[in-house]
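1. My questions concern the predicted model and sequence given below.
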Amino acid sequence: MLTLLDRIPTDYLGRYEKAYAQNPELTANYVANAWVGDPLADAAMDDLSMLSRQDSDHFVEANIEQDA
């Protein structure tokens with residue numbers, strides 16, 4: 001069974017111990033939520049992956065502009 005330390009993204013490792021020492025509950029919750037999925041966002045990313053990088057960038061930028 002994986003422990004919390006086994007599930008920490010490598011980008012978090014450098015500051016994890018310091019953050020955990022200051023606030024263990026918040027730090028553990030933050031790391032646990034790094035693995036929560038977003039099915040709608042995952043589906044959107046799957047769709048975007050079928051486009052060229054230029055086309056997907058254009059699509060994302062156009063939608064950001066539309067919401068602004």
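-> Here it is on my side, so go on. Numbering: from 1, shown residues only.

2. From what I see, residue 9 and residue 34 are in contact.
-> Yes - the pair residue 9 and residue 34 qualifies as a contact (Cβ atoms under 8 Å) at a distance of 5.7 Å. Where you see a C-beta, it was placed from the backbone N, CA and C, and this is true even at glycine.

3. just for this protein, where's the confidence low?
-> Scanning the chain with the threshold set as pLDDT under 70 gives 1-5, 67-68.

4. Tell me, how many residues neighbour residue 22?
-> Residue 22: 9 surrounding residues under other Cβ atoms under 10 Å.

5. Let me see the residues that make contact with the lengthiest helix in the chain.
-> In the chain, ranked by residue count with DSSP state H as the criterion, the top helix is helix 53-67. Helix 53-67 has contacts (Cβ atoms under 8 Å, 6 or more residues apart in numbering) with 48, 49, 51.

6. how does it look with 10 Å?
-> 44, 45, 47, 48, 49, 50, 51, 52 (Cβ atoms under 10 Å, 6 or more residues apart in numbering).

7. Alpha carbons of that helix, in CSV - could you do that?
-> Written as CSV, here are the backbone C-alpha positions of helix 53-67 (Å, rounded to 0.1, in the frame of the first residue of the first chain):
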residue,chain,number,x,y,z
ARG,A,53,0.3,22.4,-30.7
GLN,A,54,-0.4,25.5,-32.7
ASP,A,55,-4.1,24.7,-33.1
SER,A,56,-4.6,23.7,-29.5
ASP,A,57,-2.8,26.9,-28.3
HIS,A,58,-5.1,29.0,-30.6
PHE,A,59,-8.2,27.2,-29.3
VAL,A,60,-7.2,27.8,-25.6
GLU,A,61,-6.3,31.4,-26.2
ALA,A,62,-9.5,32.1,-28.0
ASN,A,63,-11.6,30.7,-25.2
ILE,A,64,-9.7,32.6,-22.5
GLU,A,65,-10.2,35.8,-24.5
GLN,A,66,-13.9,35.0,-24.8
ASP,A,67,-14.3,34.5,-21.0
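
8. Okay then, goodbye and thanks.
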